[in-house]
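**Q** Need coordinates for the below:
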Amino acid sequence: MTVQEIISALALTVITGENFEQPVSGGYVSDLLSNVMGQAGSDNVWITMQGHQNVVAVSLLAGLAAVIIAGGVKPDEGAINKAKAEGLIVLTTELPAYEVVGQLYALGIRGA
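**A** Numbers count the residues shown, from 1 in each chain. The predicted structure is shown next:
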């Protein structure tokens, strides 16, 4: 499955990014940044409720395909600027993280 297919299936809002044909190898959900760095897999999609610059830094370090910021949280300007500069795909949704994970699982996206 690609990032574009996930965007379409979940009606996500694109904040930053360009390469939406990037494949997604799995998913990970957590708001503990150190946990994401140690547990998320390369090319995973990360579901979080945080929207600050450290989310971008962790995503790049972990080699993630995209970040979905759930629960109606909007990324701050610093995070958006850093994500744009680094080419990171940042997506948002009003859905709670729990529902996002359930929908991804139904689409066949499994854990890291």
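
**Q** quick one, what contacts I47?
**A** Contact analysis of I47 by C-beta atoms under 8 Å, 6 or more residues apart in numbering lists 27-29, 68, 70, 97, 100-101, 104. From N, CA and C alone the C-beta is placed, and that goes for glycine too.

**Q** tell me which element it falls in.
**A** Element membership for I47, per DSSP states H and E: strand 44-48.

**Q** What is the neighbour count of A97?
**A** Using other C-beta atoms under 10 Å, A97 has 19 neighbouring residues.

**Q** wouldn't it be in contact with I69 here?
**A** No: checked against C-beta atoms under 8 Å, the pair A97 and I69 is beyond contact range at 9.3 Å.

**Q** what do these two both touch?
**A** With contacts defined as C-beta under 8 Å, 6+ apart, the residues adjacent to both A97 and I69 are 48-49.

**Q** strands paired with the strand holding I47, and their directions?
**A** strand 26-29 (parallel), strand 66-69 (parallel) (DSSP bridges).

**Q** Buried deepest among those strands, which one?
**A** Most buried of the strands paired with strand 44-48, by mean neighbour count (mean count of other C-beta atoms under 10 Å): strand 66-69, with a mean of 27.
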